Structures are given as structure tokens and as C-alpha cells.
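**Student:** Here is the input, now give the coordinates:
(one chain, ligands or ions: 1)
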Amino acid sequence: MATEPLPNNTDPILRTEGLVKRFGEFTATDHVDLELERGEFRSLIGPNGAGKTTLFNLISGALPVTDGEIYFAGRDDEEPTAITSLSPAERVRRGIGRSFQISNIFGGLSVRENVRLAVQSVNREEIGLLESLFRPTDRYDEIAAETERILERVGLESVADVTANALAYGDRRRLEIGVVLATDPELVLLDEPTAGMSVDETRETIELIQNVLVDQTLLLIEHDIELVMELSDRISVLNHGELLAEGTPNQIASNQAVQDAYLGGTLDE
Ligand SMILES: Nc1ncnc2c1ncn2[C@@H]1O[C@H](COP(=O)(O)OP(=O)(O)OP(=O)(O)O)[C@@H](O)[C@H]1O
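**Tutor:** This is a model prediction of the structure:
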């Protein structure tokens, strides 16, 4: 009987080393060492002000780090390389996508135009100048085909010509996910995708994310602890900017430090 081949690379897709972010005297990120395995669904939880969004901003490049390094393995199964000083746009090209709290949608453009722009934004650099000059039709066809593939993947074909601002709430969520998928990410940072949603909408959105982003590594900030416990492969807990605990949902649920600092014993109920 054939045996499963061993994965040829077990390096983490993302690794932060001693990551620090200070705002003046205040330390929002305090020597965070985080490692994400390729393909995992990781949630990042912690009380308000624990530093979750700040950590996302450091990983995406929206904020410069005060100290420490960020390594990312990117598209090819290569050794992780330092991305700490790369621009946000370069990080997107390397394969770090981000969605939700920072909206990537242009409200005045159609659904299709939004997706096409996102596809173009990452493809531009991948072909040489000569190729782009001599094969414009091929390129146009490729981008159009990829755009249609993504519209189908997120279930927006029937509203492709609708202006984004006119979309129903659920379809707007689909477009957010489509736009991030269009950048062909390896890792997707999802910052409270369900903020302001009802329990049912929350569940539907998370299920959509899981279905559509099945090939990606996900790092999710989510306040619905029940959902986090149910869906995550592993959970990292931040408290006062520090990584307080890390583990499977069961390990986190039974971690006394987490209960004391954050969950107030509610997980066992
Ligand atoms: N640009 C900034 N300047 C000064 N302080 C900031 C800045 N950004 C964040 N902070 C502070 O850093 C701390 C962490 O904020 P952050 O938004 O990362 O927390 P969070 O865990 O995402 O919180 P929440 O769950 O409420 O969204 C907070 O005390 C916040 O006031």
C-alpha cells in the first residue's frame, strides 16, 4: 500500500520573532513570537485592547515594527524570508491578504470591476515588460477568466454588474472575500469579519470563509468564542500585547491563565 508522502517542508508559513510595537511609552505588542503552520486555521483572541489589530497591522505592513522580525515563506515552499521592511503592497504580492476591518471595496464600481482590479493588482509585476507589450490580448483574457472564476467561487455571478454599494449585506461579505481571494493569497488575515452581525449571519460568514479559503492559511480575529472554539485548529491568546497562551481549542479552554485573564471561567459552562 502506498504511504502518504511526507511534506517536504515543515517550516512555518509565518513566524514573528520578538515582535514589539510601542506607541510612545505604551507597548501594544510585547515581544510576540508567533508561528503559523501552512494550511492551519488559527484564531487570535484576547480582551479589548490586547493588541490583536496592532499585530495584524505589523504583519500586513500597515504599521512599522518597533523591534523584532517577521518571516514569511510565501508562495513557493521556500525557507521563510524576512519581510519586516517590505511595503504592504509587496507583502500582498508575496501572498499576504487582508480583509474586513480595512475594506478593499470600491463602492462605486461593479462587483466584477472590483474583482478584476484585485486580480490585476497582483498580476502586474509577474510578467516582464516585453511580454506585457507583445501579448496584451492574452493577458486581458487571463485576467478576465480569473475574474469570472472568482465570481463563481464566491457565488456572485448573478450580481457581477451590480454596483458594490447597492449589494445586499451578505453579498458584500462575499465580495470582500472575493477581493482578497483575487490577490491569490497564501495567508489571509481576517479582522473581525463578523463585526456587527447576528448569530446566524456570523455562522454563515465564517462557513463561507472556510469554504472559499480552503487552500489558504487563515489568521482570524473573532469575538464569538464559541465559534472560535468550534472552528480553529489552534488559538493564540493575547493579553496586554503579550502572547499569553497558544494551543488547540481544548488546551485553551482548560488553560487557567486564559480563564483568569480573559474568559472568566465561561468556557467550561
Ligand atoms: N495608532 C495608535 N496610537 C496609539 N495607541 C494605539 C494605536 N493603535 C492602537 N493603540 C493602542 O494599542 C492597544 C491595542 O489596540 P488594538 O486595537 O491592537 O487592540 P485589539 O486587541 O485589536 O482590541 P479590540 O478587540 O478592541 O479591537 C490599545 O490600548 C490601543 O489604544
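**Student:** Show me the chain divided up by domain.
**Tutor:** The chain breaks down into these domains under automatic domain parsing: 11-95+186-264, 106-184.
**Student:** Comparing these, which yields the minimum mean pLDDT?
**Tutor:** Of all these, the segment with the smallest mean pLDDT is domain 106-184, scoring a mean of 85.
**Student:** gap between the two ends of that one?
**Tutor:** 19 Å (Cα to Cα, to the nearest Å).
**Student:** try stretch 217-236
**Tutor:** Across stretch 217-236, first to last residue, Cα to Cα, it's 15 Å.
**Student:** Quick one: closest of the domains of the chain to the ligand.
**Tutor:** Each of the domains of the chain has some distance to the ligand by Cβ to the nearest ligand atom; the shortest is domain 11-95+186-264, at 3.3 Å. For glycine as for every other residue, the C-beta is placed from the backbone atoms N, C-alpha and C.
**Student:** do that closest one and the ligand meet at all?
**Tutor:** Yes. Using Cβ under 6 Å from any ligand atom, domain 11-95+186-264 reaches the ligand at Phe23, Phe26, Ala28, Gly46, Asn48, Gly49, Ala50, Gly51, Lys52, Thr53, Thr54.
**Student:** For PyMOL, write the selection for the buried entries among these.
**Tutor:** Selection of buried members from these for PyMOL, criterion 16 or more other Cβ atoms under 10 Å:
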select buried, resi 28+46+50+51+52+53+54
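**Student:** Turn the residues of domain 11-95+186-264 next to the ligand into JSON lines, columns for secondary structure.
**Tutor:** Converted to JSON lines, these look like this (DSSP: H, G, I helix; E, B strand; the rest coil):
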{"residue": "Phe23", "secondary structure": "strand"}
{"residue": "Phe26", "secondary structure": "strand"}
{"residue": "Ala28", "secondary structure": "strand"}
{"residue": "Gly46", "secondary structure": "coil"}
{"residue": "Asn48", "secondary structure": "coil"}
{"residue": "Gly49", "secondary structure": "coil"}
{"residue": "Ala50", "secondary structure": "coil"}
{"residue": "Gly51", "secondary structure": "coil"}
{"residue": "Lys52", "secondary structure": "helix"}
{"residue": "Thr53", "secondary structure": "helix"}
{"residue": "Thr54", "secondary structure": "helix"}
